[in-house]
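K.L.:
quick one, fold the following:
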Amino acid sequence: MAHKKWIVRDADREKASAISEKFDIDPFVAFLLVSRGIDDDVAVSGFLSKSFETVSPFNFVDMEEASFVIGDAVDAGEKICIYGDYDCDGVTSTALLLSFLQSEGADVFYYIPDRINEGYGMNTAAIDKIKEQGAQLIITVDNGISSVEEAEYIYSLGMRLVITDHHQLGETLPRAEAIVNPHREENDLEFCDYCGVGVVFKLVQAMYEGDVREIIEEYIDLVAIGTLADVVPLVHENRSFVREGIKKINNYPRPALEAFVNANGIKEYTSGEIVYQLCPKINAMGRMSSADKAVEFLISDDSEDCDYKYEQLCLENSRRQETEKQILDDVIKTLEENPLLSSERVIVVSGKGYHHGVTGIVASHIMDRYSKPAFVISVDEDGIARGSARSVDGFNIYEAISACSDDLIRFGGHPLAAGITLNEENIGAFRKHINDFALSEYPVMPVPELEIDLRISPNYLTLELAENLSVLEPYGEANKQAVFGVYKMKLLSVTPLKEGKHVRLELEKKGRKIRVVKFGSPYDEFPYKPGDILSLAVTISKNLFNDRTYLSVRAVDIRLADTDDDKYFREKNEYELYKKTKKPVPSIYPDREACAVIYKYLKKNNGYAYSLDDLYFRLQSFVTYGALMIALRAFVQAGLIEYNKTITVPEIKGKVNLEDTKVMKMLRERLKLG
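P.N.:
Now for the predicted structure:
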């Protein structure tokens, strides 16, 4: 994983102390609340409340009209089609509205477009199929707000349309009987960050004539799953959705979720288990196969059928993981064989026949690995290239793509994620133009950050604190699990776990020993050794094993204790600017002393088996980032080292003059050093 800049939150400690005393909560918990902006009595009381917070659905403009139109269609026996989406939010939205309308006696079916062949949203071919099935009313869920032409086509065929969506509005709203969207200015809402299934739940709430508690008990699990999957802020009503939904999953799950619970064997689920163990499996159906299968799984009321369908979800998710790994491995190989691609400010990499359903996930992995915006493009047999992009905070990828629109057939997206379609022969031009844009508009590229909620002594990492932190759950966007910084810990041992896929660390400071697990760090790639002084960003939780509760400490990030983030990012930016512009700054020149320090370290350690960035942090006090990289290139050219993913140091006889190497001559010439 790429290096992140640690940002330690701050908060008014006096205010936190007062809240701790008034609400009788742990002082650390009170500090976390204040640091997250929950800092007055009303906000704290609302956040800690276990009651279900709900606003009137009729605060949404057009909600009354939507409920009337749909209700009249149900009463008249009209055929209704729910037009959904293939992701987890769209699947849960479809399942919820389908189940509710069926319970109301509606003649209803659903349609979810194929991700690969149709793409997101409405299309005329799908509308024709829906018309052929006799639909008179179409209700969109989690899409439709941008379907202006498709809406006109629906009306030209004699059908009507109701839109429920949560995506941002365009300049023109589609023709429809009603448009329910939390981002409409006419709404009377204090909070508008609902996901698609949240909007559908508000529609059902408006239509239901009984006690609202009954539909909460019936459908809130579906709302929770979609809300977590779509990564909307877990505040206001969304927090209630997820808290109540998890309670239902744990205490009285529907048959589909009972199959999930039984298969995984966890006694009490949290938002984290739902996000990492269930949502990807639902998403996998839409990515790899048909999202219809995920809908049918969720609405099934037969236990044996649910067990079978859950197995199918797991198999499809495994296939997704295998496909994702194959593409990721291929992309990484391409980048390693073509280092100029990874040295660009924006990574654009392509390959033949990549599965479109996973290119976005792979782009996210590449972004995390290199700390840069990344495009992963699949080239089809017809020469049409389709790609997905993911970006770091602070770099607006949609704006960047818009500046290169002449290279593209079509594009769309948001500041952090986007999709593009272009001809294969234009990939090179697009790569150049988007990097030219990045160089022009972002002289200093945004850097990835990790927020540390609180710097803490290891003495306070206790089971009691983990139990007290539970009042903050459910965790999710805008309310993430607390990350604690523990500094200057001596590493005592490193133990491989799960065939070396993960590591367990034992660390000590002033007599206090802790064990920390770092998942996703292979033992043979772990760059730290006993005796190192480390700082760690960790989360803590309760772990139930053999009917006993233990403290679980997980590392989010690990670094040498004397790491200087600002120095690293400044120097790396200077070096990458040099590679792009060929205009060096003096700091990247490795003088005799710097070269001696680097070579002596490599010689003493018989080379180096980890990343060049990790090597830099070992030597950060002595050299700049650029000087290290130039020196290593000079060492290779002079035969002092060999480099192929790892550094080895061969035996050298005689003296070597580094100033005679090509890289040093070129740099001296550009710096006019004579």
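
K.L.:
what's the longest helix in this protein?
P.N.:
Counting by DSSP state H, the longest helix found in the chain is helix 303-337.

K.L.:
can you give me the buried ones in it?
P.N.:
For helix 303-337, the neighbour count (16 or more other CB atoms under 10 Å) marks 306-307, 309-310, 312-313, 316-317, 320, 323-324, 327-328, 330-332, 335 as buried. Yep, even glycine has a C-beta here, placed from its N, CA and C like the rest.

K.L.:
output the contacting helices and strands for that helix.
P.N.:
Contacts defined by 3 or more CB pairs under 8 Å, 6 or more residues apart in numbering; DSSP states H and E place helix 303-337 against helix 255-264, helix 279-288, helix 291-299, helix 339-343, strand 347-352, helix 359-370.

K.L.:
so for it, mean pLDDT?
P.N.:
What helix 303-337 shows for mean pLDDT is 96.

K.L.:
where's the residue lying closest to K582 once chain neighbours are set aside, which helix or strand?
P.N.:
Nearest residue to K582, sequence neighbours excluded (CB to CB, 6 or more residues apart in numbering): R670, at 6.7 Å. Per DSSP states H and E, R670 falls inside helix 662-671.

K.L.:
helices or strands next to that helix in the packing?
P.N.:
Looks like helix 662-671 contacts helix 625-638 (3+ CB pairs under 8 Å, 6+ apart).

K.L.:
what's the angle from the helix it packs on to helix 662-671?
P.N.:
If you take axes from the mean of the first three to the mean of the last three CA atoms, to 10 degrees, helix 625-638 sits at 140 degrees to helix 662-671.

K.L.:
so what are the sheet partners of the next helix or strand after helix 625-638 and their directions?
P.N.:
Next in sequence after helix 625-638, counting helices and strands by DSSP H and E, comes strand 642-644. Note on strand 642-644: by DSSP bridges, its sheet partners are strand 646-648 (antiparallel).

K.L.:
so how far is the partner strand from its chain's centroid?
P.N.:
Averaging C-alpha positions (CA atoms, centre = their mean, to the nearest Å) puts strand 646-648 33 Å from its chain's average.

K.L.:
also stretch 437-452?
P.N.:
18 Å.

K.L.:
what of stretch 135-147?
P.N.:
Centroid displacement of stretch 135-147 relative to its chain, using CA atoms, centre = their mean, is 27 Å.

K.L.:
do me a favour and get the end-to-end distance for that stretch?
P.N.:
Terminal residues of stretch 135-147 lie 18 Å apart, using CA to CA, to the nearest Å.

K.L.:
neighbouring strands of the least confident helix or strand in the chain by mean pLDDT in the sheet, and parallel or not?
P.N.:
Ranked by mean pLDDT, DSSP states H and E, the weakest helix or strand in the chain is strand 410-413, scoring a mean of 84. In the sheet, strand 410-413 lines up against strand 417-423 (antiparallel) (DSSP bridges).

K.L.:
buried residues in stretch 474-484?
P.N.:
By 16+ other CB under 10 Å, the buried positions in stretch 474-484 come out as 474-476, 478-479, 481-484.

K.L.:
give me the contact list for it.
P.N.:
For stretch 474-484, the surrounding residues in contact (CB atoms under 8 Å, 6 or more residues apart in numbering) are 32, 36, 227-228, 231-235, 238-239, 242-243, 246, 270-272, 275, 450-456, 461, 469, 472, 537-541, 556.

K.L.:
can I get the buried part of those residues as one ChimeraX selection?
P.N.:
Remark: buried members of the contacts of stretch 474-484, expressed as a ChimeraX selection using 16+ other CB under 10 Å:
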select :32,36,227,228,232,234,235,238,239,242,243,246,270,271,272,275,450,452,453,454,456,461,469,472,537,538,539,540,541,556
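
K.L.:
which ones among the contacts of stretch 474-484 map onto strands?
P.N.:
Per DSSP state E, strands hold the following members of these: 450-452, 454-455, 537-541, 556.

K.L.:
so where does R559 fall, helix or strand?
P.N.:
Using DSSP H and E, R559 sits within strand 548-560.

K.L.:
give the buried residues for that strand.
P.N.:
Buried positions in strand 548-560, judged by neighbour count with 16+ other CB under 10 Å: 551-559.

K.L.:
contact partners for S364?
P.N.:
374, 390.

K.L.:
what's the pLDDT at it?
P.N.:
Looking at S364, its pLDDT is 95.

K.L.:
same deal with A418?
P.N.:
So, for A418, pLDDT stands at 89.

K.L.:
and the closest residue in space to it that isn't next to it in sequence, which of the three is it?
P.N.:
The shortest distance from A418 to any non-neighbouring residue, by CB to CB, 6+ apart, is to A389 (4.5 Å). Taking DSSP: H, G, I helix; E, B strand; the rest coil as the rule, one finds A389 in the strand state.

K.L.:
surely A389 and H414 touch.
P.N.:
No: checked against CB atoms under 8 Å, the pair A389 and H414 is beyond contact range at 10.1 Å.

K.L.:
ok, Y208 touching E214?
P.N.:
Yes: counting by CB under 8 Å, Y208 does reach E214; the two are 7.4 Å apart.

K.L.:
out of those two, which sits in the busier spot?
P.N.:
Neighbours were counted for Y208 and for E214 using other CB atoms under 10 Å; Y208 has more, 18 against 10.

K.L.:
count the residues that sit near Y120.
P.N.:
Neighbour count of Y120, defined by other CB under 10 Å: 17.

K.L.:
quick check: which element contains it?
P.N.:
Per DSSP H and E, Y120 falls between elements, in no helix or strand.

K.L.:
for it, give me its contacts.
P.N.:
Residues in contact with Y120 (CB under 8 Å, 6+ apart) are 85-86, 113, 143.

K.L.:
what separates it from L658, distance-wise?
P.N.:
Noted for Y120: a distance of 55 Å to L658, by CB to CB, to the nearest Å.

K.L.:
got the contact list for the residue nearest to K582?
P.N.:
Contacts for R670 (CB under 8 Å, 6+ apart) come out as 582-584.
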